[in-house]
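Enquirer: the sequence and its predicted three-dimensional model are supplied below.
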Amino acid sequence: MAAVSVRRVTNETEQTITVEDVRRLALSLPRTEEALVRDRIKFRVGRIVYLSFSPDETLMGFGFPKEERAALVAAEPEKFLMPVPSDERYNWVRVRLAALSEAEMRELVVDSWRMCVPKRVAAAYAESVTGH
């Protein structure tokens, strides 16, 4: 599968975020595995999927608290979408990759990963990133 380029403008220079950028970040997170399921790239910890791309790689699904997702989608409907009906029972929401900045992508990926690892693993990762 070819990676889809995502463009954003920062300081008047165009930067591109690709699915490969998301992959690089996701695979740097402890306990993460990549899987290809029915032509969809998924990232998981054990059996818990925390990221998934649409087959055309224009949308990224990610773990997000159910009780907060309606507010997220309502606040930025051009960026976020509710999960497909079969995924509504999960802590899940979708985002249009073309609407994401690199910083937002990093935050969504790491926060989604934190939802499915033990607290001590997330704390050790945060410590290694911040140096504290």
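Expert: It's in. Note that the structure is a prediction, hence the values are computed from the model and not measured.

Enquirer: quick check: the residue nearest to the spatial centre of the chain vs residue 54, distance?
Expert: For the chain, the residue nearest the mean C-alpha position is residue 109 (3.8 Å; C-alpha atoms, centre = their mean). Taking C-beta to C-beta, to the nearest Å as the criterion, residue 109 is separated from residue 54 by 16 Å. Just so you know, the C-beta spots here come from the backbone N, C-alpha and C atoms, and that holds for glycine as well.

Enquirer: circling back: sec struct for the closest residue to the residue nearest to the centre of the chain other than its chain neighbours, please.
Expert: Leaving aside its sequence neighbours, residue 109 sits nearest to residue 25 (C-beta to C-beta, 6 or more residues apart in numbering; 5.3 Å). Going by DSSP: H, G, I helix; E, B strand; the rest coil, the secondary structure assigned to residue 25 is helix.

Enquirer: all the strands of the chain, residue numbers only.
Expert: Secondary structure of the chain (DSSP state E): strands located at 5-10, 13-18, 32-37, 40-45, 48-53, 59-63, 80-81, 92-96.

Enquirer: any weak-confidence spans in the chain?
Expert: Filtered on pLDDT under 70, the chain yields the residue ranges 1-16, 132.

Enquirer: can you rerun that using 80?
Expert: 1-18, 131-132 (pLDDT under 80).

Enquirer: beta partners of the spatially closest residue to residue 116 that is not a sequence neighbour?
Expert: Using C-beta to C-beta, 6+ apart and skipping the chain neighbours, the partner closest in space to residue 116 is residue 48 (4.1 Å). Legend: beta-bridge partners of residue 48 under DSSP bridges are residue 45.

Enquirer: next up, the contacts around the residue nearest to residue 109.
Expert: The contact partners of residue 25, by C-beta atoms under 8 Å, 6 or more residues apart in numbering, come to 105, 106, 109, 110.

Enquirer: so which of those sit within helices?
Expert: Among the contacts of residue 25, the residues falling in helices (DSSP state H) are 105, 106, 109, 110.

Enquirer: list the contacts for the closest residue in space to residue 62 that isn't next to it in sequence?
Expert: With sequence-adjacent residues excluded and distances taken as C-beta to C-beta, 6+ apart, residue 62 is closest to residue 112, at 4.2 Å. Applying C-beta under 8 Å, 6+ apart to residue 112 gives the contacts 50, 51, 62, 63, 64.
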